[in-house]
Structure formats: C-alpha cells, structure tokens
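Novice: Need coordinates for the below:
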Amino acid sequence: MDQKIHLSVPHPERTLTVKNHQNGTTLYIKPVKTVQALLGALNMTPETVLVIQEDTLLCDDDALDPGKPVEIRPVISGGSLS
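Specialist: Residues are numbered from 1 along each chain as shown. You can find the predicted model right below:
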C-alpha cells in the first residue's frame, strides 16, 4: 500500500513531490534548491540513498526542478566475489 504524508506548505501548488522507496511514502514538501538541501531536510545521509529526477541520477550539489517529482532509492551493495 502506498502511504502518503501531506505536509502543510504556504502554497500547495508549489510543492516538491518526493517518493521515498525506502519506506514507501510520498512526501509533499516546500521546494529546496539542491539534493544536499533535500537530504538535509529529510535527515538522510547522502551515502545511503540515490536521488533521481526524470531518470537522471543526481549528485549532492545538483539543482532540483520543483516541478518534477523526485525519487529516493536505497543504495544496495552486492559485495564482491573475490
């Protein structure tokens, strides 16, 4: 089941939609400018998640487009075979 969390923002039409695949939630938050600001606002460590917007993997200092949804996916390590 897709759990939705609605946060109060001054202008609901100006929200950033964030789909968190770690816990299956969707957040509607006040837009932030960078990936680093987003992860800071959500108390997430950059090394533990991937941030994706429109099929593009983003880095910490990349700008976010508030009009496009953001996905947060957990980093999964497969280890080594040696």
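Novice: List the residues that contact the closest residue to Thr48 other than its chain neighbours.
Specialist: Closest residue to Thr48 apart from its sequence neighbours, by C-beta to C-beta, 6 or more residues apart in numbering: Val75 at 5.7 Å. (Each C-beta comes from the backbone N, C-alpha and C, glycine too.) By C-beta atoms under 8 Å, 6 or more residues apart in numbering, Val75 lies in contact with 47-50.
Novice: On the pLDDT front, check the residue lying closest to Val32 once chain neighbours are set aside for me.
Specialist: Nearest residue to Val32 in three dimensions, chain neighbours excluded: Leu38, at 4.9 Å (C-beta to C-beta, 6+ apart). Predicted confidence (pLDDT) for Leu38: 96.
Novice: roughly how far apart are Thr17 and Gly78?
Specialist: The gap separating Thr17 from Gly78 is 30 Å, by C-beta to C-beta, to the nearest Å.
Novice: For these two, indicate the residue with more neighbours.
Specialist: Taking other C-beta atoms under 10 Å, Thr17 and Gly78 do not tie; Thr17 has more neighbours (15 against 5).
Novice: I figured that one hits Thr26, correct?
Specialist: Yes - the pair Thr17 and Thr26 qualifies as a contact (C-beta atoms under 8 Å) at a distance of 6.6 Å.
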